[in-house]
Structures are given as C-alpha cells and as structure tokens.
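# What follows is a predicted protein model with its sequence.
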Amino acid sequence: MAFDRRRFLGMSAALALVPGLSACGGDQKRAAEGVPRSPFNEESTAEQVTDGIDLDGKIAVVTGCTSGIGFETMRVLAMRGAYVLGTSRSLQRAEEACKRVRGTTSPLQLELSDFDSVVACAETIRSMNSPIDMLILNAGYRGGGNERQLINGIEKHFLINHLGHFVLVNRLLDRLYFSWQGRIVVVSSHTAYRDAPDAGILFDDLQMDDYYSDKQAYGHSKLANALFSLELGRLLMGTRITSNALHPGVINTEIDRNLNRFLQFGFGVLTSVSGKNVEEGAATSCYVTTSPILGSTSGNYFEDCNAVEIDGTFMQDMTMADRLWFLSEELTKDYLVKHERPDWNDFENGLRRKKKDDS
C-alpha cells in the first residue's frame, strides 16, 4: 500500500487532539487490595462476563440506554432475565431501543440537565413499588468546540454527568435497600485521572472561569463520578448496597457526537486500531453489576473487569470525596429527599410481589 504522508499527518494531528486519548499508558496502576480478581480482561464481552448468571426477577435501571455501551448493557441484562428500565433524553428513542431488545424492558424519559425531569423519572420508578436491584449510571455528556456552557451557573459537564445522577441516586436509594443485594454502578472514565484539573475538583470555580476546555471539563465531571461512588460506598458501609465506578474502555460510541468532524475522524481511527468494540466496552459494567464474587465489594474503581488503584491521583481521595458530597447536597438540596428506615408495607402491591402472586 502506498504511503500517504499527508493523510498520515492528518490522522496524527486528529489523534493528538482527541479528548482523553493523548495520554499513553504511563499511569501507575496496581490491583486493588482485598478485591477478588476476575478471569476476564480487556477482550471479554458483556455476554461472556454474565454467562451462567440468572437475573430472573431482578430489576435494573440503565441511564443512557439508546446506543453504545448503555444499549448493550440493557440488552445483556435483559437477555439474562432482568427487567430493565432504560432511560433517554428522548422517550421516543428509549422506546425504539427497548423494542430492539429481547426480554422485558420499559422506556423512561430522563433529562439529566433538568432536575425536575430527574425527579419525575425517579417518581415513575418509585410508583412501581418494587425494589431496584441494579442502578447503572451510564448516561454522559461530552461537549465539543471548547465553548463553555453553563446551566444554572454551573459548568454543563459537571451538572449533567455528576449532579443529575446525584439527584437520581438520592431519589431511588431507598428502593435499593429492599433488594437482597443492591448495586450502584457509576460509569466514570480514565479521563478522571488523565484530564481532570491538576487540583482535582474545582470547588471554588464550578463555572470553570479561570480556564476552560471540553477535555478538562469532561475529565472534571468524570472525576466527580468516581469520587461520588467512593463516598457513596463509604456511606453505605454496613448495608447490602454497594457502589463502584469504572472505566469502560475507549469505544467509538455517540459520546463523540458533539465533536467536530475532524476530531470524530481521529477518534474513529484510534478506536478502530486500539479501542474496544461495544460488546467489550459494556463488559466491565455488566461484570460489576452482576458478578456473584463482588457482593461485598464497594467503593472501588474498575478497568477491564478488575479493580485497580491509580497512584498519584485523586481517585481514592476520601477527603475530596467527602467535600464533594457536601457540595453536591448544597447545590441540589431543593431536589433531595431525606431517607428514613424503609417500610416493607410499601411493597405489598409491588411489581415483584405481583409476579409471585401470579405464579
């Protein structure tokens, strides 16, 4: 094949600009202590990691279900027997996605940038009067063009990717208490430690006035995802609910839809050469959601189906996680509920009870 120097230089430039992909494997990773190692790796698929697992009677919620790893996560969980509630900004797109899945699913509308929409979605789920076994926070926003956008005075990535899910978890948490073993799975990213600001969470500059780039803003929000899961795991210690975060891998999904065509091209080239396909990308989400050996594993961060720690980063910074939690509560206080000890009588006519009675 003839060597096209101009095309090569163009590809190289595009790859260098693709957000979150400029760093190359220099991170000091090590296996997380006290977490069982899995037999799976970066080439495992979602179907492989759930092989032999029966989710019949379980209820899962997957945010961002219409494409990419969100759709594959919904598809595989439903295939294993779970009843999956799939959310999307567009109810029509959620309906179309659910129709493509073999198994039991229901579409829901969820606009994470609008806390009233988050509350409405959560109330619809709560009206089923049934436990939630799995809550997969998969939906995410990635801007393009380095044009800063604010929503209610807060940078858009942080508000959608972190605060929207923060409210959703708060409104659904008591439903996970009724599960035999509730699991919260937060899809973060390695951009949380590769592209986030050097100072970590910008507690005094959530507008990112001092410096803004889409790459850093996305990494900032993904660090918030990881720290949210870390603190949630601590707060849930002693319960039957776990919370873990993960990096799904570099995958060519709709997360790049807001990038310009030049960057989309670079992203596509890189993922075709060294990235994962969607089936592999959903593997870590499905593994952390369903694996029997992770029943007591909480507050960890996973890559390629195994828990890892990244030295020299904020990924396990409990002080920062605690401060982020209190800040998030303050920013969303008008949409949060105070949790009290759940009452089993609330579930006398619930979905799971009905299934037992029907059988």
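All right, it came through fine.

# how about the biggest helix by length in the chain: buried residues?
When the chain is parsed with DSSP state H, its longest helix is helix 214-235. Going by neighbour count (16 or more other CB atoms under 10 Å), the buried part of helix 214-235 is 214-233, 235. To be clear about C-beta, it is placed using only N, CA and C from the backbone, and glycine gets the same treatment.

# Could you give the bridge partners of residue 187?
Counting by DSSP bridges, residue 187 is bridged to residue 246.

# Test my guess that it contacts residue 140.
Yes: assessed by CB atoms under 8 Å, residue 187 is found in contact with residue 140 at 6.8 Å.

# Look at the two and report which has more neighbours.
In this view residue 187 and residue 140 are compared by other CB atoms under 10 Å, and residue 187 has more residues nearby, 29 against 24.

# Can you give me the pLDDT of the more buried one?
Per-residue pLDDT puts residue 187 at 98.

# Can you give me the distance of it to residue 225?
7 Å (CB to CB, to the nearest Å).

# Residue 75 now?
Taking CB to CB, one finds residue 75 at 23 Å from residue 225.

# do residue 102 as well
For residue 102, the distance to residue 225 (CB to CB) stands at 30 Å.

# what kind of secondary structure is residue 145 in?
Per DSSP: H, G, I helix; E, B strand; the rest coil, the local secondary structure of residue 145 is coil.

# Do I have it right that it meets residue 214?
Yes: with contact defined as CB under 8 Å, residue 145 counts as touching residue 214 (7.1 Å).

# Give the buried residues for stretch 101-114.
101, 103, 105-113.

# And the residues you listed, which is closest to residue 323?
Residue 323 lies nearest to residue 112 out of those, by CB to CB, at 22.3 Å.

# how about the closest one, what does it touch?
Neighbouring residues of residue 112 by CB atoms under 8 Å, 6 or more residues apart in numbering: 63, 89, 118, 139, 141, 160-161, 164-165, 168.

# Restricted to strands, list those residues.
Among the contacts of residue 112, the ones falling in strands (DSSP state E) are residue 63.

# Can you lay out the contacts of residue 112 as CSV showing neighbour count, pLDDT and distance to residue 200?
Compiled in CSV, those are given as follows (neighbours: other CB atoms under 10 Å; pLDDT from 0 to 100; distance: CB to CB, whole Å):
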residue, neighbour count, pLDDT, distance to residue 200
63, 25, 98, 25
89, 18, 97, 29
118, 26, 98, 25
139, 23, 98, 23
141, 22, 96, 20
160, 23, 98, 19
161, 29, 98, 16
164, 26, 98, 21
165, 27, 98, 19
168, 25, 98, 24
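
# between the contacts of residue 112, which is nearest residue 96?
residue 89 (13.0 Å).

# Which residue comes closest to that closest one once chain neighbours are left out?
Nearest residue to residue 89 in three dimensions, chain neighbours excluded: residue 111, at 5.1 Å (CB to CB, 6 or more residues apart in numbering).

# what about the one you found, distance to residue 340?
Residue 111 is 28 Å from residue 340, by CB to CB.

# now do residue 43
46 Å.

# Could you check which of those two has the larger neighbour count?
residue 43 (11 against 7).

# Not counting sequence-adjacent ones, nearest residue to the more buried one?
Leaving aside its sequence neighbours, residue 43 sits nearest to residue 280 (CB to CB, 6+ apart; 6.3 Å).

# Any buried residues in the helix or strand where that neighbour lies, and which?
Using DSSP states H and E, residue 280 maps to helix 278-281. For helix 278-281, burial by neighbour count (16+ other CB under 10 Å) applies to 278-281.
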